[in-house]
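A.B. asks: quick one: sequence and predicted model below, then my questions.
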Amino acid sequence: MVRRYTLDDLATQPGLALHVEHSVFPERSFEPHTHDFTELVVVQHGRAMHVVDDRAYPVSAGDVFVVQPNDVHAYRDMVGLDICSIGFDPELLFDADSDLFGIPGFHMLFHLEPAFRRDHALPSRLRLTKEQIHYVIGFVEAIEEELSERAPGYVAMLRAHFALLVGFLARNYTSRGDNASERLVRMSRVVAYIEDHYSEPLTLDALAEMACMSRNTLIRAFRRCYGTTPMDYLIRRRLRRSTELLLRREATVTEVAYAVGFSDSSYYARQFRRRYGRSPSGYRREQLNG
């Protein structure tokens, strides 16, 4: 039987979107389990085989990887394994317009490497030096201190420390430059470009050229990693940003549509209703009037 964990089960405070756990494994294996949250794992010491959905991969000190929600995973053949795992809800910890989305390494770490891993096309994952591990644990300790003390403003501090941690990891992943991760790099650049230039006219041909792929190859790879097409991802990005702009009373719906990259306000309204189940003006009234 596979044990399932939820963030509410593990968090020190119900509803809190973050949990940190340090685990040292004297055993030779750790039972298969799954969870409803994203898990960021840093291997501090030792080595093991990490089994994800019945596929095993070696991990060792310095490796950093992400386990997606609902993935069944376990560790076996462990030798001195010491890991730090951070469970979190991305929707609650990452702002809709976060600059982190503009770092190619962010997408490599949280989306692309896990997706390629499932398809057996495992490129080299992020690996930190001893000095970098020490630096990362410093961020983790700051998070743990906020979780423990819960001083006024601690939630904002948690988000800030977590953003620093993720930003550091994402930048290091981007700067690797090894050939084994070239496919991840090309894909991640496409996603990061969409995040940074969503309000500009973008075409599938231009994105495919950026990825050095054909249109169909890019669509297949993108769908495997994100469950949607590049152009649908672009539309969702525009819509996500528009939900923030709609809260500014001085902007009309048409102005919001143009500001996020839609050239037709009627098309924007149809896409918004399809995504959020209400019109942009209805969403605005609901949010502003409570």
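C.D. replies: Arrived safely. Bear in mind the structure is a predicted one, so any value in this text is a computation, not a measurement. Residues are numbered from 1 along each chain as shown.

A.B. asks: now for the host helix or strand of Gly87, which elements pack on it?
C.D. replies: Take DSSP states H and E as the rule and Gly87 turns out to sit in strand 73-88. Other helices and strands packing on strand 73-88, by 3 or more C-beta pairs under 8 Å, 6 or more residues apart in numbering; DSSP states H and E, are helix 7-10, strand 18-25, strand 29-35, strand 38-52, helix 130-149, helix 154-174. No exception for glycine: its C-beta is placed from N, CA and C like everyone else's.

A.B. asks: repeat that with 10 Å
C.D. replies: Identification of packing neighbours for strand 73-88 by 3 or more C-beta pairs under 10 Å, 6 or more residues apart in numbering; DSSP states H and E yields helix 7-10, strand 18-25, strand 29-35, strand 38-52, strand 55-60, strand 63-67, helix 130-149, helix 154-174.

A.B. asks: center of the protein, which residue is that?
C.D. replies: In the chain, the centroid-proximal residue (C-alpha atoms, centre = their mean) is Phe110; its distance is 4.0 Å.

A.B. asks: which one of the helices and strands packed on strand 73-88 lies nearest to Phe262?
C.D. replies: Ranking the helices and strands packed on strand 73-88 by proximity to Phe262 (C-beta to C-beta) places helix 154-174 first, at 28.7 Å.

A.B. asks: buried stuff in the helix or strand that the closest one is followed by?
C.D. replies: The helix or strand immediately downstream of helix 154-174 is helix 182-197, counting by DSSP H and E. Across helix 182-197, burial judged by 16 or more other C-beta atoms under 10 Å covers 183-195.

A.B. asks: helices and strands around the helix or strand bottoming out on mean pLDDT in the chain, which ones?
C.D. replies: When each helix and strand of the chain is scored by mean pLDDT, DSSP states H and E, helix 7-10 comes last, with a mean of 73. Under the contact criterion of 3+ C-beta pairs under 10 Å, 6+ apart, helix 7-10 touches strand 18-25, strand 29-35, strand 73-88.

A.B. asks: so Ala208 sits right up against Arg215, yeah?
C.D. replies: Yes - assessed by C-beta atoms under 10 Å, Ala208 is found in contact with Arg215 at 4.8 Å.

A.B. asks: just for the stretch 151-290 of the chain, where's the confidence low?
C.D. replies: 176-181, 290 (pLDDT under 70).

A.B. asks: hang on, the earlier thing: which residues do Ala208 and Arg215 both contact?
C.D. replies: Pro230 (C-beta atoms under 10 Å, 6 or more residues apart in numbering).

A.B. asks: which of these two has more neighbours?
C.D. replies: Ala208 (19 against 15; other C-beta atoms under 10 Å).

A.B. asks: element containing that one, please.
C.D. replies: Assigned by DSSP H and E, Ala208 belongs to helix 204-211.

A.B. asks: by contact count, what packs against that helix?
C.D. replies: Secondary elements touching helix 204-211 (3+ C-beta pairs under 10 Å, 6+ apart): helix 182-197, helix 215-226, helix 230-245.

A.B. asks: can I get the second one as PDB, trimmed to CA atoms?
C.D. replies: Yep, that's helix 215-226 we're talking about. C-alpha atoms of helix 215-226 as PDB (Å, rounded to 0.1, in the frame of the first residue of the first chain):
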ATOM      1  CA  ARG A 215       6.800  23.400 -34.700                       C
ATOM      2  CA  ASN A 216       5.500  19.900 -34.100                       C
ATOM      3  CA  THR A 217       8.500  18.800 -32.100                       C
ATOM      4  CA  LEU A 218       8.100  21.900 -29.800                       C
ATOM      5  CA  ILE A 219       4.400  21.200 -29.400                       C
ATOM      6  CA  ARG A 220       5.000  17.600 -28.400                       C
ATOM      7  CA  ALA A 221       7.900  18.500 -26.000                       C
ATOM      8  CA  PHE A 222       5.900  21.300 -24.500                       C
ATOM      9  CA  ARG A 223       2.800  19.200 -24.000                       C
ATOM     10  CA  ARG A 224       4.900  16.500 -22.300                       C
ATOM     11  CA  CYS A 225       6.300  19.000 -19.800                       C
ATOM     12  CA  TYR A 226       3.400  21.400 -19.200                       C
END
